[in-house]
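>>> What shape does this take:
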Amino acid sequence: MSHERRRTRYDIYADAIEVIAKKGLCSLTRISYGANMPVDRAKKIVNFLVSHGFIREVTVGDRKQYRATKWGLEYLETFRRMQKFFAALEEPVKIRIPKVVLPGRITTGYKDLDNMLYGGIPQNYVVILTSPSCDEKDLLINRFLEPSAKEGQITFYITTEASEVKALAEFQTNFYLFVCNPQADKIIESLPNVFKLKGVENLTDISIALTSAFRKLDKSIRVPRRACIEIVSDVLLQHHAVNTRRWLTGLIPELKSRGFTTLAVMNPQMHPPEEIHAILGLFEGEISIYEKETEKGLERFLKIRKMYNQKYLESELPLRKERLEK
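Numbering: from 1, shown residues only. Have a look, this model is predicted:
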């Protein structure tokens with residue numbers, strides 16, 4: 001098996017059946033969410049599994065629900081067992097992380113990743129983090145944002161959910177929070193450094209809010225600036241590749257010209273490959289979190305896939321929540 005875990009169609013079949021089996025009866029929307037797929041793709045997978053007898057369609061009231069069949073559960077059990085056999089045949093990966101810091105680096109907040117990057121993300125770079133929905137991704141984002149409070153750095157954070165960073169926005173005036181959520185008023189109070197938007201439907205509104213925040217910055221203060229764009233997948237689902245690229249193509253140079261080092265975030269399991277590649281090409285660097293089977297079961301790893309014209313360690317790094325939480 002490859003060290004870089006990419007879902008095959010057989011993985012996707014197993015993930016969908018597992019979601020259904022855990023729920024007993026499961027809707028298409030729940031399957032889509034639980035298996036990390038867009039609804040249109042989930043519908044094709046579900047139809048395929050129904051046609052082959054792995055799941056059964058059940059009508060409850062006026063809604064379609066799905067139940068795993070005995071045949072589907074046998075497939076799931078056999079597939080998971082085979083994954084463990086494949087993992088047992090893999091050579092263990094041992095890496096030596098250098099402790100060298102090159103000039104002009106911005107810390108990610110995670111020491112092991114900084115060491116792989118020889119000190120951190122190159123200053124003024126625009127990097128994308130590709131990751132499934134997981135605790136490790138959320139912890140890594142929080143680590144990236146923390147220096148705004150500890151070191152007084154100007155930070156822009158564009159997100160749909162602000163519960164983890166409310167304290168930063170409420171007590172750090174240099175932390176600019178952009179909440180793209182219809183329930184933003186319920187999520188956080190109104191503050192000069194908090195911008196509330198109704199969602200990601202209107203990209204012009206987001207751009208106007210960012211421009212307003214740019215104008216508030218004191219040009220005389222020369223400290224590192226960082227931005228985190230956590231809404232890339234939400235924008236891509238809503239606007240698809242062409243309009244998402246157009247928006248990012250305008251935003252990225254604006255952030256770079258104002259001295260920001262930027263981390264964007266995208267869940268590749270939510271989008272078709274052609275849309276993923278259309279977005280990845282806009283970024284100078286890519287860091288990936290992915291899953292693969294090991295002797296200990298399913299584990300997560302981190303790898304730097306590219307960092308244009310920069311030195312970095314190419315090995316994969318096993319992710320440990322306890323190290324991210326330190």
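
>>> Tell me where the stretch 1-150 of the chain has strands.
With DSSP state E, counting those that start in this stretch applied, the stretch 1-150 of the chain shows strands at 55-60, 63-68, 105-106, 121-122, 126-130, listed in chain order.

>>> okay, those strands, which one's buried deepest?
Among those, the stretch with the highest mean neighbour count (mean count of other Cβ atoms under 10 Å) is strand 121-122, at a mean of 26. From N, CA and C alone the C-beta is placed, and that goes for glycine too.

>>> Quick check: which helices or strands does that one pack against?
For strand 121-122, the packing partners by 3 or more Cβ pairs under 8 Å, 6 or more residues apart in numbering; DSSP states H and E come out as strand 105-106, strand 260-266.

>>> cutoff 7 Å now
Judged by 3 or more Cβ pairs under 7 Å, 6 or more residues apart in numbering; DSSP states H and E, strand 121-122 is in contact with strand 105-106.

>>> hmm, back to that, can you say which of the strands of the stretch 1-150 of the chain is nearest to I221?
strand 105-106 (16.5 Å; Cβ to Cβ).

>>> circling back to that earlier point, let me have the strands of the stretch 1-150 of the chain in JSON lines, extended by distance to Q172.
Formatted as JSON lines, those follow (distance: least, Cβ to Cβ, whole Å):
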{"stretch": "strand 55-60", "distance to Q172": "49"}
{"stretch": "strand 63-68", "distance to Q172": "46"}
{"stretch": "strand 105-106", "distance to Q172": "18"}
{"stretch": "strand 121-122", "distance to Q172": "21"}
{"stretch": "strand 126-130", "distance to Q172": "23"}
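
>>> of all those, which lies closest to G281?
Nearest to G281 among the strands of the stretch 1-150 of the chain is strand 126-130; the distance by Cβ to Cβ comes to 10.1 Å.

>>> Just give me the neighbour total for S163.
8 (other Cβ atoms under 10 Å).

>>> Sorry, slip of the keys, the one I care about is K84.
If you count neighbours by other Cβ under 10 Å, K84 ends up with 14.

>>> quick revisit: between the strands of the stretch 1-150 of the chain, which one is closest to N36.
Short answer: strand 126-130, nearest of those by Cβ to Cβ, at 12.3 Å.

>>> Work out the sheet partners of the closest one and label each with its direction, please.
Take DSSP bridges as the rule and strand 126-130 pairs in its sheet with strand 260-266 (parallel), strand 285-294 (parallel).

>>> Generate JSON lines for the ones you listed, with mean neighbour count, mean pLDDT and distance to A278 as supplementary columns.
Compiled in JSON lines, the strands paired with strand 126-130 are given as follows (neighbours: other Cβ atoms under 10 Å; pLDDT from 0 to 100; distance: least, Cβ to Cβ, whole Å):
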{"stretch": "strand 260-266", "mean neighbour count": "25", "mean pLDDT": "96", "distance to A278": "11"}
{"stretch": "strand 285-294", "mean neighbour count": "20", "mean pLDDT": "89", "distance to A278": "14"}
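
>>> Just tell me which of the ones you listed ends up closest to K43.
strand 260-266 (22.2 Å).

>>> which other residues reach the closest one?
106, 121, 123-130, 141, 144, 156, 224-230, 232-233, 255, 279, 283 (Cβ atoms under 7 Å, 6 or more residues apart in numbering).

>>> buried residues in the longest helix along the chain?
Using DSSP state H, we find that the single longest helix of the chain is helix 232-257. Neighbour counts over helix 232-257 (16 or more other Cβ atoms under 10 Å) mark 232-237, 239, 241, 244-245, 247-248, 251-252, 255-256 as buried.

>>> which strands and helices sit next to it?
Counting contacts by 3+ Cβ pairs under 7 Å, 6+ apart, helix 232-257 packs against strand 126-130, helix 203-216, strand 260-266, helix 273-280.

>>> List the buried residues in the longest one.
What it means is helix 203-216. Neighbour-count burial for helix 203-216 [16+ other Cβ under 10 Å]: 203, 206, 209-210, 213.

>>> Pull the very next helix or strand once past that helix out as PDB, backbone CA atoms only.
Remark: after helix 203-216, the chain's next helix or strand is strand 225-229, criterion DSSP states H and E. Taking Å, rounded to 0.1, in the frame of the first residue of the first chain, the C-alpha atoms of strand 225-229 are listed here in PDB:
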ATOM      1  CA  ARG A 225       1.100  39.100  10.000                       C
ATOM      2  CA  ARG A 226      -0.700  35.900   9.500                       C
ATOM      3  CA  ALA A 227      -4.100  34.900   7.900                       C
ATOM      4  CA  CYS A 228      -6.100  31.600   8.000                       C
ATOM      5  CA  ILE A 229      -8.700  31.000   5.400                       C
END
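
>>> Phi, psi for the spatially closest residue to K198 that is not a sequence neighbour please.
Ranked by Cβ to Cβ, 6 or more residues apart in numbering and with sequence neighbours excluded, the top spatial neighbour of K198 is P182, at 5.3 Å. According to degrees, to the nearest 10, the main-chain angles of P182 amount to phi -60, psi -20.
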